[in-house]
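# Coordinates for the following, if possible.
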Amino acid sequence: MKVLTRSPVALPLLAIALGAGASMYADTIVGQVGQNLGGSGSNLLTTNLPSWTFTCSTCSGYGISANGAETVDAGSLGASSSVTVTGTPGADLLVTASSDALFSDTLTITGGTVGTSGVLELTYALDGAISNTGTGPNSSNASLYMTAASNFQSVNEGSGSGGYVEVDGNGTYNDTVTYYIAFTYGTALPTEIDLDASSIFVAGFYGPGDSTPYTASVNYYNTAALTSALVFDGTPSDPGAENAAAVIGSASGLDYGPNGISAVPEPSAWFLFASALGVLAVAKRRGAFRPTLRSRYSRIRSSGGNMNRFSYRLAVVSVIAAAIGATPVYADATVEGDVFQASTYPPFLFDTGPQAGSPVSDILTPWNFTCSSCVGYGISANGAANVINGSLGASSSVTVTGAPGSNAFIEADGVANYTDMLTITGGTGSGVLALTYMLTGDVSGAGAEGSDGYMLMGGSGGYSFNGGPIVISSGGQAMEGNGPQNYPMIFYVPFTYGTAFSIEPQLYTNAIFEASFDTTPDTATVNFYNTAMLDSALVYAGTPSSLGAQNNAADISSTSGLNYGPDGISSAVPEPGSWFLLASALGIVCFLKQRMGRASSR
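The predicted structure is shown next:
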């Protein structure tokens, strides 16, 4: 082992091999600040940064400041938020600062008869604190939501149906939450766990409420950790006997088991490790002999030593190329479809669960749903969603028959979004990135007054819809009303040259039946599939509310590899590892051609 540890290549190679960690199947972090002043609501901040701060620059006579943080680490979640309100709002005011951490995975359970059902029991430790300074009740809360759960059991909150558990009121909490999820052996099971920390100030609306100065804090950072994953052969209401022989496979590569969750190295990590050991073995062999120059030359000539040396170099190239190619990037996409009715939500009547992929290609297989629990009325729905080369598409449709009741509200959704990290160079100081999307779709239905398509951009500081004025908000725009929809929409994203920042384009389709407006039988359809396409990405001086001159020398790079520019977006640029492998392959061809030429001339 002395040769291994003293070799100049040993430690770097081992560090590369062991350091290549497994990437998650899908994780999302979001921080938001919103207010409702005198009945008028607005979104003040949306960010995908892991920690954030906010100070209101448009508040008159009062002040809002907030901060928060979110994390997703090997399936464990953390979220914290705090909001402070000062001064005199002059009207009823509701302010919410929230941090949201979400992790989704697709599990396949084996070790039982394929096609038969069972129950997955997931137990989370949920520890945190809620507090406030100032006069008034604290409406702040933390919530943990498992979308796939049929029911739950909480030490502090008791038991209930669905997967939504909420903790509110000042205090320090140490809770254990257990979810029961029905599954079929051998069939993929989408799961999604969501932790939200919401700090709230409310004055008026429902009474005197809180008075300024006021600070509310919710700290559930590094807290929602999976402590056990067990498999049973019964039902969610009666789990039955444990199946200790069951094996839980996951798309994330995380290892679910009785002791919770842990990461399993990806194939690239094993390849790096094996390659490193192979290189080290070659290095050890080469270091074991110190032949003279003459004997070394004769050995090379007689035994093909040039090829041995080449093999050695090729092994090193393979390790480096795999290491470059295995580098994770902060770029992911999510597509999803769901159906719900207000009288039973949560949980959803149907949910595909978020399917994660790349901004280059993430396609949700078209889905169909028919309600089997509806009595006296019927619900059927379908939808699809995709993200392809940074363009978004979503569609959904819902049909309601029979007599669902005078207060019925039923909705079918399609969701497509992606997150990318951009870095802009070619200038100094700050600037504005203007992203122009063309939205083309259709809304139809006999009474589809409430149905719409909706697009927003996480990270933007303002937007303009269909040639209208710039709205200083990180929100978005609904496209509603029966008929074809064809609109340009521009998002204005502030940035600092040379500093990475995130964007998150989001497209939703909401097909709605609302008994207040609609009568059965009714079908509402919203089709914006393959439609939200980036038409241009331009860089300006100034601010979102006051654009300056365009900077034609600016260059936009992205962790997704997508190429943003004046003509929109193009497919991914090959990763450094791909270029390196290509160069290596060309080197091999040249080397072999040279050897063949020498052999033919002998």
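
# If you average the pLDDT over stretch 196-212, what comes out?
Taken as a whole, stretch 196-212 carries a mean pLDDT of 83.

# Stretch 365-373 too?
Per-residue confidence for stretch 365-373 averages out to 91 on the pLDDT scale.

# Show me what counts as buried in it.
Neighbour counts using 16 or more other CB atoms under 10 Å place 367, 369, 371 of stretch 365-373 among the buried residues. Using the backbone N, CA and C atoms, a C-beta is placed for each residue, glycine as well.

# Out of those residues, which sit inside strands?
Secondary-structure check on those using DSSP state E: residues within strands are 367, 369.

# can you redo the buried residues of stretch 365-373 as CSV with distance to Val432?
Supplementary listing: those in CSV, determined by distance: CB to CB, whole Å:
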residue, distance to Val432
Trp367, 38
Phe369, 42
Cys371, 47
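
# what pLDDT does the closest residue to Asn132 other than its chain neighbours get?
Among residues not flanking Asn132 along the chain, Asn138 sits closest, at 4.1 Å (CB to CB, 6 or more residues apart in numbering). Per-residue pLDDT puts Asn138 at 82.

# Quick check: the gap between Asn138 and Tyr62.
From Asn138 across to Tyr62, the span is 19 Å (CB to CB, to the nearest Å).

# Who has more neighbours out of those two?
In this comparison of Asn138 against Tyr62, neighbours counted by other CB atoms under 10 Å, the higher total goes to Asn138 at 23 against 19.

# how many other residues sit next to the residue nearest to Ser430 when sequence neighbours are not counted?
Taking CB to CB, 6+ apart, and ignoring the residues beside it in sequence, Ser430 has Thr496 as its nearest neighbour in space, at 5.2 Å. Here the count is done by other CB under 10 Å, and Thr496 has 14 residues near it.

# Isn't Thr496 up against Thr428?
No. In terms of CB atoms under 8 Å, Thr496 does not count as a neighbour of Thr428; the distance is 9.3 Å.

# so what's the residue nearest to Ser430 up against?
For Thr496, the residues meeting the contact criterion (CB atoms under 8 Å, 6 or more residues apart in numbering) are 429-431.

# Tell me how far it lies from Thr531.
On the measure of CB to CB, Thr496 and Thr531 end up 32 Å apart.

# Thr423 too?
Spatial separation of Thr423 from Thr531 under the definition CB to CB is 28 Å.

# And for Leu195?
With distances defined as CB to CB, the gap from Leu195 to Thr531 amounts to 32 Å.

# partner residues bridging the nearest residue to Ser217 once chain neighbours are set aside?
With CB to CB, 6+ apart as the measure, Ser82 is the residue that lies nearest to Ser217, at 4.2 Å, once sequence neighbours are left out. With DSSP bridges as the criterion, Ser82 is bridged to Asn67, Ser217.

# Now for Ser82: which residues touch it?
By CB under 8 Å, 6+ apart, the contact set of Ser82 is 66-68, 97, 199, 215-218.

# Include distance to Asp127 and neighbour count when you put these into a markdown table, please.
As requested, those are arranged in a markdown table below (distance: CB to CB, whole Å; neighbours: other CB atoms under 10 Å):
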| residue | distance to Asp127 | neighbour count |
| --- | --- | --- |
| Ala66 | 23 | 28 |
| Asn67 | 21 | 20 |
| Gly68 | 18 | 33 |
| Ala97 | 21 | 31 |
| Ser199 | 18 | 31 |
| Thr215 | 22 | 19 |
| Ala216 | 19 | 29 |
| Ser217 | 15 | 22 |
| Val218 | 13 | 30 |
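
# Return the list of strands paired to the helix or strand where Asn43 lies, each annotated with direction.
Following DSSP states H and E, one finds Asn43 within strand 40-47. Each strand paired with strand 40-47, and its direction, by DSSP bridges: strand 26-37 (antiparallel).

# Mind listing what's buried along the helix or strand that Val119 is a member of?
In the assignment (DSSP H and E), Val119 maps to strand 117-135. Taking 16+ other CB under 10 Å as the neighbour-count basis, strand 117-135 is seen to contain the buried residues 118-126, 128-132, 134.

# following it, which helix or strand comes up?
Following strand 117-135 in sequence order, the next helix or strand is strand 141-146 (DSSP H and E).

# how far off strand 117-135 does that following strand point, in degrees?
Taking axes from the mean of the first three to the mean of the last three CA atoms, to 10 degrees, one finds that strand 141-146 is oriented at 170 degrees with respect to strand 117-135.

# tell me the mean pLDDT over strand 141-146?
In this model, strand 141-146 has an average pLDDT of 90.

# Run through the neighbouring helices and strands of the helix or strand following it.
Scanning forward in sequence from strand 141-146 by DSSP H and E, the next helix or strand is strand 151-154. In terms of contacts (3 or more CB pairs under 8 Å, 6 or more residues apart in numbering; DSSP states H and E), strand 151-154 is packed against strand 158-161, strand 164-168, strand 171-184.
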